[in-house]
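Asker: only geometry, no sequence info:
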């Protein structure tokens, strides 16, 4: 895994249109992409994990589709994020045809609310619109 790109890497609530705020959640889109190759086999899938620093159990995960060529994987993630100041760690790794995971690359995304008084804090409201949600086990 190489060349992780997270765009944008931060977003302020004031950058959003009013219709992008719904029930104390910001509806944001984040592009995530990386390069993956398996020198002795085939990359079966490329997995991403989107993890809030204040609640590591509140992660989102899914797979990134192949983008334009055989080694670039990526996509636009539609996320519903709580209106709290939060740094998210973005981890991406490949799984090959032998079910072995390769090295991971990490990046960050930060959401900054207009009101930083902590409104909405304590809610585990991180949701994803496009990809499947992980089991809450």
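Answerer: Ah, there it is. Small disclaimer: the values here were computed from a predicted structure and weren't measured. Numbers count the residues shown, from 1 in each chain.
Asker: so which strand or helix has the residue nearest the centre of the chain?
Answerer: Nearest residue to the geometric centre of the chain (Cα atoms, centre = their mean): residue 50, 3.7 Å. Applying DSSP states H and E as the criterion places residue 50 in strand 43-52.
Asker: got the angle between the following helix or strand past that strand and strand 43-52?
Answerer: Scanning the chain past strand 43-52 towards its C-terminal end, the next helix or strand to appear is strand 60-64 (assignment: DSSP H and E). For strand 60-64 and strand 43-52, the angle between their directions (axes from the mean of the first three to the mean of the last three Cα atoms, to 10 degrees) works out to 150 degrees.
Asker: ok, strand 60-64: who's next to it in the sheet?
Answerer: strand 43-52 (antiparallel) (DSSP bridges).
Asker: hang on, residue 19 in a helix?
Answerer: Yes - residue state for residue 19 (DSSP: H, G, I helix; E, B strand; the rest coil) corresponds to a helix.
Asker: can I assume residue 105 is in contact with residue 36?
Answerer: No - proximity of residue 105 to residue 36 does not meet the contact threshold set by Cβ atoms under 8 Å, at 9.2 Å. Backbone N, C-alpha and C define where each C-beta goes, glycine included.
Asker: all helices in the chain, in order from the N-terminus.
Answerer: Secondary structure of the chain by DSSP state H: no helices are present.
Asker: Show me where it has its strands.
Answerer: Per DSSP state E, the chain carries strands over the ranges 2-7, 10-12, 21-22, 25-35, 43-52, 60-64, 72-82, 86-96, 101-112, 127-128.
Asker: and those strands as TSV, adding mean pLDDT?
Answerer: Putting the strands of the chain into TSV (pLDDT from 0 to 100) gives the following:
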stretch	mean pLDDT
strand 2-7	92
strand 10-12	95
strand 21-22	92
strand 25-35	93
strand 43-52	91
strand 60-64	91
strand 72-82	91
strand 86-96	92
strand 101-112	91
strand 127-128	48
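Asker: just to revisit the earlier point, the residue nearest to the centre of the chain and residue 78 touch, don't they?
Answerer: No - in this structure residue 50 lies outside contact range of residue 78 using Cβ under 8 Å: 11.6 Å.
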